[in-house]
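*Asks:* just coords:
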């Protein structure tokens with residue numbers, strides 16, 4: 001270059017030196033690179049703007065973690081950030097090593113780091129050399145601090161022994177990373193291998209059951225609690241001649257055996273083996289000692305957590321039954337999900353009890369609380385229920401005896417201020433007929449998903465939770481499962497978890513029940529996932545811990561067409577059917593019957609027809625309770641394809657007097673029931689039975705008002721003649 005000529009452009013100079021230029025702004029999460037920097041990153045050699053994720057994918061994950069620590073230190077100290085980085089290809093192989101030098105700054109307003117620096121390819125340093133020891137920052141102390149911070153964070157987050165060992169195997173120590181690791185434990189007077197990395201499984205057999213008296217570095221560390229450093233094979237051979245042949249075949253050049261000490265007790269030893277000579281300087285020994293202490297604490301935490309999990313899972317397995325062999329014509333699936341905090345065992349349970357006559361009982365319940373005491377009470381209550389059921393008692397008697405037993409059990413506890421109670425639902429099932437007789441003690445009502453996918457809450461009679469009043473009564477309710485119906489029993493954790501109440505929680509589950517098309521096991525998983533999965537955070541309720549309460553879930557399906565659980569033996573038209581009994585002493589059940597019918601007609605297009613059906617049902621049930629001394633049985637069913645469906649409602653009682661049409665006066669308070677039926681129903685009738693009678697009506701589906709092309713159905717035009725109705 002002649003005197004007076006202008007200097008070349010900076011970019012040209014950097015390109016001639018194979019040096020790339022980059023700029024990183026953490027606020028925008030973007031990295032701008034020139035062509036040479038892009039080439040060094042393994043990308044096309046042209047300027048580009050990359051995301052942090054794209055750059056991170058090209059860097060060794062350990063180096064990326066160290067970069068963040070180096071940048072923070074450089075800003076705090078006002079120095080350059082110098083980093084040696086391994087560049088990876090798409091298959092995870094190191095293709096080159098580059099050195100980056102940058103001057104980072106921190107923008108307090110945007111709370112972001114801004115860096116402009118260079119990239120230049122360098123030769124991989126020889127391990128153990130000063131250059132190797134400064135592979136990250138060029139300064140040993142800064143590199144060590146960044147490494148220990150990352151190692152401590154990774155080990156603290158490990159939740160099992162396997163995770164701890166995986167983290168230990170992935171540690172890249174500054175300048176002297178080992179290529180072989182082993183963690184030794186102690187069992188009695190024998191040395192065991194908890195885990196290892198860098199050698200074949202069969203090669204560790206000689207070390208898995210070694211006496212602590214053996215002349216071996218790890219046993220000496222366990223006996224004395226002091227570390228052993230061996231910088232060369234000659235040193236190993238001279239100090240431990242008996243076990244040197246065991247270590248010689250691995251081809252290592254240096255070894256560090258460090259004690260794993262917790263609370264002053266040596267619980268084992270940690271081996272870090274190197275394929276090259278390591279001098280084990282004071283700084284290097286300090287790093288290894290610190291890692292050994294963190295590793296010991298992590299292993300202790302993981303071991304305690306695993307022991308607790310094993311204890312709680314074993315306890316829960318012993319209290320939750322196996323569902324046993326398949327039931328002809330029926331499928332059963334169940335799930336138990338413990339609460340997320342503390343001891344993962346609680347008071348929720350389910351059970352399946354064989355009964356005489358090819359019947360069985362399903363039980364689900366919840367003892368107040370989710371602690372050890374709740375689990376203990378649950379276990380005793382479950383055994384008592386099994387005993388009462390096996391004696392042949394009906395559902396009401398089983399729960400009455402269980403309530404008396406549980407009241408005495410909790411009253412005998414030492415802490416009278418901690419009086420517990422339990423909710424329970426007990427159902428006897430006859431698989432052949434599909435009938436279900438149940439009793440309920442303060443528990444949630446069951447839910448039925450019909451063969452066409454409609455899901456309804458079945459209002460069942462019930463009493464107080466178990467243990468509150470030892471003399472409580474528990475009336476029974478009889479249900480009928482049609483082929484293809486699925487019965488769902490659950491505890492309140494499935495409904496209310498995530499800040500939901502009973503109404504919003506039920507709507508969340510109803511969507512899953514009505515839209516799911518898989519088998520029963522898949523349906524059970526989908527219901528739990530709806531509560532604990534990521535999608536639950538996008539439904540009604542605060543973004544709170546999704547594991548607030550234990551969950552018990554039982555699904556019972558009567559195999560039929562379209563249920564996904566088995567093949568139907570008889571082809572059936574689409575049908576929805578519900579049954580409900582209303583006793584003379586339960587007039588409030590009329591409201592439950594109206595809700596049943598509304599649920600059955602939830603997708604009926606004509607609102608006027610829905611209201612008419614509910615009005616007529618209310619009139620029929622009220623007539624039985626007012627004018628007879630008998631109980632009423634409601635059977636309602638919807639038959640046919642959408643657009644051509646028919647709703648039939650029949651109320652049966654034991655009274656002998658048949659209803660007749662009357663002409664009530666203007667001021668009369670009754671006598672208009674049959675007139676309403678004749679006016680609003682498409683067909684109706686009264687039929688005597690062997691004992692008692694039944695009155696029924698039918699309404700045929702008509703289009704919704706905005707789609708109707710003719711007069712709506714109803715009005716009695718298709719009904720029977722008055723004489724026939726009599």
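*Replies:* Sure, I can see it. As the structure is a prediction and not an experimental result, all values here were calculated from the model.
*Asks:* switch to C-alpha atoms for all contacts and neighbour counts from now on
*Replies:* Noted.
*Asks:* For the stretch 551-700 of the chain, which segments are assigned as helices?
*Replies:* For the stretch 551-700 of the chain, the helices defined by DSSP state H, counting those that start in this stretch occupy 589-600, 607-627, 673-680.
*Asks:* Can I get those helices in TSV including mean pLDDT, distance to residue 391 and mean neighbour count?
*Replies:* Below are those laid out as TSV (pLDDT from 0 to 100; distance: least, C-alpha to C-alpha, whole Å; neighbours: other C-alpha atoms under 10 Å):
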stretch	mean pLDDT	distance to residue 391	mean neighbour count
helix 589-600	84	31	19
helix 607-627	87	35	19
helix 673-680	82	47	20
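*Asks:* could those helices go into a markdown table alongside distance to residue 512?
*Replies:* Shown next, in a markdown table, are those (distance: least, C-alpha to C-alpha, whole Å):
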| stretch | distance to residue 512 |
| --- | --- |
| helix 589-600 | 16 |
| helix 607-627 | 25 |
| helix 673-680 | 35 |
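*Asks:* and of those, who's closest to residue 497?
*Replies:* Of all the helices of the stretch 551-700 of the chain, helix 589-600 sits nearest to residue 497, with 24.2 Å by C-alpha to C-alpha.
*Asks:* ok, residues contacting the closest one?
*Replies:* Here helix 589-600 makes contact (C-alpha atoms under 8 Å, 6 or more residues apart in numbering) with 454-459, 576-578, 580, 582, 610, 613-614, 617-618, 621-622, 634, 636-638.
*Asks:* can you do 10 Å?
*Replies:* 450, 454-461, 576-583, 601-602, 604, 610-611, 613-622, 625, 634-638, 647, 649 (C-alpha atoms under 10 Å, 6 or more residues apart in numbering).
*Asks:* where does it sit relative to the chain's centre, distance-wise?
*Replies:* Counting by C-alpha atoms, centre = their mean, to the nearest Å, helix 589-600 is centred 34 Å from the centre of its parent chain.
*Asks:* quick check: angle from that helix to helix 607-627?
*Replies:* Using axes from the mean of the first three to the mean of the last three C-alpha atoms, to 10 degrees, one finds that helix 589-600 and helix 607-627 are set 160 degrees apart in direction.
*Asks:* The lengthiest helix in the chain: how far from the chain's middle?
*Replies:* In the chain, with assignment by DSSP state H, the single longest helix is helix 282-319. With C-alpha atoms, centre = their mean as the basis, helix 282-319 stands 24 Å off its chain's centre.
*Asks:* Can you list the helices and strands that the helix or strand just after it packs against?
*Replies:* Downstream of helix 282-319, the first helix or strand assigned by DSSP states H and E is strand 330-337. Contacting strand 330-337 under the criterion 3 or more C-alpha pairs under 10 Å, 6 or more residues apart in numbering; DSSP states H and E are the following elements: strand 348-355, strand 486-490, helix 520-532, strand 551-558.
*Asks:* Which of these sits closest to residue 434?
*Replies:* Of all the helices and strands packed on strand 330-337, strand 551-558 sits nearest to residue 434, with 7.1 Å by C-alpha to C-alpha.
*Asks:* Adjacent strands (with direction) for the closest one?
*Replies:* Here strand 551-558 is paired, per DSSP bridges, with strand 330-337 (antiparallel), strand 486-490 (antiparallel).
*Asks:* Mind putting the ones you listed into CSV with distance to residue 234, mean neighbour count and mean pLDDT?
*Replies:* Below are the strands paired with strand 551-558 laid out as CSV (distance: least, C-alpha to C-alpha, whole Å; neighbours: other C-alpha atoms under 10 Å; pLDDT from 0 to 100):
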stretch, distance to residue 234, mean neighbour count, mean pLDDT
strand 330-337, 57, 20, 88
strand 486-490, 69, 24, 93
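*Asks:* Residue 644 and residue 605 touch, don't they?
*Replies:* No. Residue 644 is beyond contact range of residue 605, at 11.3 Å (criterion: C-alpha atoms under 10 Å).
*Asks:* Neighbour count for these two, which is higher?
*Replies:* Relative neighbour count places residue 605 above the other of residue 644 and residue 605, with 17 against 11, counting by other C-alpha atoms under 10 Å.
*Asks:* doesn't residue 702 make contact with the more buried one?
*Replies:* Yes. Between residue 605 and residue 702 there is a contact under C-alpha under 10 Å: 7.4 Å.
*Asks:* now the residue nearest in space to the middle of the chain: how far from residue 337?
*Replies:* Most central in the chain under C-alpha atoms, centre = their mean is residue 532, positioned 4.6 Å from the mean C-alpha point. Distance of residue 532 to residue 337, given as C-alpha to C-alpha, to the nearest Å: 10 Å.
*Asks:* Could you find the closest non-adjacent residue to residue 111?
*Replies:* Distances taken as C-alpha to C-alpha, 6 or more residues apart in numbering put residue 27 closest to residue 111, at 7.5 Å, once the chain neighbours are dropped.
*Asks:* Check that neighbour and give its pLDDT.
*Replies:* For residue 27, the model assigns a pLDDT of 87.
*Asks:* Let me see the backbone angles for it.
*Replies:* Taking degrees, to the nearest 10, you get phi -70, psi -40 for the backbone angles of residue 27.
*Asks:* Cheers, nothing more for now.
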